[in-house]
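Q: A structural model of the following input is requested.
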Amino acid sequence: MKTNKNLIYIAGPTGVGKTELAIELAKKLKTEIISCDSRQFYKELEIGTCPPTEHQLKEVKHHFIHNKSIHDRYNVGLYEKDAIHKINKLFEDKEYLILVGGSGLYADSVIYGIDEFPEIPSKIRDGIIKKYKDEGITYLQEELKKLDREYYEIVDTKNQSRIIRALEIIKYTGNKFSSLRKKINKERVFKSEIIILESSRDELYDKINKRVDLMIESGLEKEASKLFKYKGLNTLNTVGYKEFFDYFEDNMNREEAIDKIKQNTRNYAKRQITWLKKYQNAQRISADSEINNVLNILNINYENI
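A: The predicted structure is shown next:
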């Protein structure tokens, strides 16, 4: 389908500088930003998910930032519907929109669409959850690795909800979860261009460590303490919170918790980099690229907008 509407997805590992570039680009293109960061949706997570600052939110209109509560039922399927509705509405008078965030599955739901999987009998799900409670997350990881190595290689293996969802579909359908994922893209009213920000590993890890230090200075421990009573929620199975929860339960000391946040964030960045390798037609640029260079790569003359 021919269209003059353009969605520009700014991707890259956590801490690489996606937000800053997205804002610069949105200002040049006189447009708005759609977030696809699945933890920045939640208004209670003000520090640990590094959402845009108040100043940045005033600079450019953002959508899907702090629009949900940790107590809300929300998932990638619901997000796809909400995001596409908002995007189609904005494209009524915008030529460009910026999509930004580190949650690859949520980005894919916007760009390509996601599968509508069958309803799973509760007996199957309950059986998997019982095994998880009895044997821990290692059981889930090993079971997924055995049954669907392809999905195991790209999923966040610390996210028990994602693994449980995959396993219940595998056990119900008899097929690999990876084989059931979208083979035919959904029709969209826009074209998509993907920009992936890259930097050296040392530089990225340094940025991540410094950002964690800044979150600690900004009160992450206090924020985690307020949320501790809700630690069983999947939305709080999130780097920056779960490590402090372990500290509060005397499973580690404070220094160990902070080091663990840095380590888990670096590991998350590595998984994101692995995920991003699948975008073969993406434009890969240095994280310190000038905005005019990005516009040239996109072949956009912003002065005519």
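Q: which SS state does Asn251 fall under?
A: Secondary structure for Asn251, judged by DSSP: H, G, I helix; E, B strand; the rest coil, is coil.
Q: shift numbering so it begins at 58
A: All set: I'll call the first residue 58, so the last point we hit is now Asn308.
Q: Near it, how many other residues are there?
A: 11 (other C-beta atoms under 10 Å). All C-beta spots, glycine's among them, are computed from the backbone N, C-alpha and C.
Q: any idea of the pLDDT on it?
A: The score at Asn308 is 97. That number is its pLDDT.
Q: how near is it to Ile315?
A: 14 Å (C-beta to C-beta, to the nearest Å).
Q: Tell me how many other residues crowd the closest residue to Glu250 other than its chain neighbours.
A: Distances taken as C-beta to C-beta, 6 or more residues apart in numbering place Ile65 nearest to Glu250, at 5.1 Å, with adjacent residues excluded. Residues lying near Ile65 (other C-beta under 10 Å) number 24.
Q: which secondary structure elements does the strand or helix carrying Ile65 contact?
A: For Ile65, the host element (DSSP states H and E) is strand 63-68. Helices and strands touching strand 63-68, by 3 or more C-beta pairs under 8 Å, 6 or more residues apart in numbering; DSSP states H and E, are helix 75-86, strand 153-157, helix 161-168, strand 248-255.
Q: which neighbours does it have in its sheet, and in what orientation?
A: strand 153-157 (parallel), strand 248-255 (parallel) (DSSP bridges).
Q: list the buried ones in the longest one?
A: To tie it back to what came earlier, the one meant is strand 248-255. Ser249, Glu250, Ile251, Ile252, Ile253, Leu254, Glu255 (16 or more other C-beta atoms under 10 Å).
Q: Would you confirm that the second one contacts Leu64?
A: Yes. In this structure, Glu250 sits in contact with Leu64. The criterion is C-beta atoms under 8 Å, and the distance is 7.3 Å.
Q: can the helices and strands packed on strand 63-68 go into JSON lines with extra columns for mean pLDDT?
A: Shown next, in JSON lines, are those (pLDDT from 0 to 100):
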{"stretch": "helix 75-86", "mean pLDDT": "97"}
{"stretch": "strand 153-157", "mean pLDDT": "98"}
{"stretch": "helix 161-168", "mean pLDDT": "94"}
{"stretch": "strand 248-255", "mean pLDDT": "97"}
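Q: Please identify the deepest-packed of those.
A: strand 153-157 (a mean of 25; mean count of other C-beta atoms under 10 Å).
Q: That one to helix 75-86, inter-axis angle?
A: If you take axes from the mean of the first three to the mean of the last three C-alpha atoms, to 10 degrees, strand 153-157 sits at 170 degrees to helix 75-86.
Q: what's next to strand 153-157, contact-wise?
A: 62-68, 75-76, 79, 82-83, 86, 88-94, 144, 147-148, 164, 167-168, 247, 357, 362 (C-beta atoms under 8 Å, 6 or more residues apart in numbering).
Q: Just the C-alphas of that strand, formatted as PDB.
A: Extracted C-alpha coordinates of strand 153-157, given in PDB (Å, rounded to 0.1, in the frame of the first residue of the first chain):
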ATOM      1  CA  TYR A 153       6.100  11.800  10.500                       C
ATOM      2  CA  LEU A 154       5.900  10.200  13.900                       C
ATOM      3  CA  ILE A 155       8.700   8.900  16.100                       C
ATOM      4  CA  LEU A 156       8.500   5.500  17.900                       C
ATOM      5  CA  VAL A 157      11.100   5.000  20.600                       C
END
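Q: could you check the angle helix 161-168 makes with it?
A: Using the same axes, to 10 degrees: strand 153-157 against helix 161-168 is 160 degrees.
Q: Chain neighbours aside, what residue packs nearest to the residue most central in space within the chain?
A: Nearest residue to the geometric centre of the chain (C-alpha atoms, centre = their mean): Ser160, 1.6 Å. Spatial nearest neighbour of Ser160, excluding adjacent residues (C-beta to C-beta, 6+ apart): Ser95 at 4.1 Å.
Q: Ile348 now?
A: In space, Ile348 is closest to Glu81, 4.7 Å off (C-beta to C-beta, 6+ apart).
Q: Using CSV, write out every CA atom in the worst-scoring helix or strand of the chain on mean pLDDT.
A: Sorting the helices and strands of the chain by mean pLDDT, DSSP states H and E puts helix 234-237 at the bottom, at a mean of 78. C-alpha atoms of helix 234-237 as CSV (Å, rounded to 0.1, in the frame of the first residue of the first chain):
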residue,chain,number,x,y,z
PHE,A,234,6.2,-20.7,20.2
SER,A,235,8.7,-19.2,17.7
SER,A,236,7.0,-21.0,14.8
LEU,A,237,3.6,-19.5,15.7
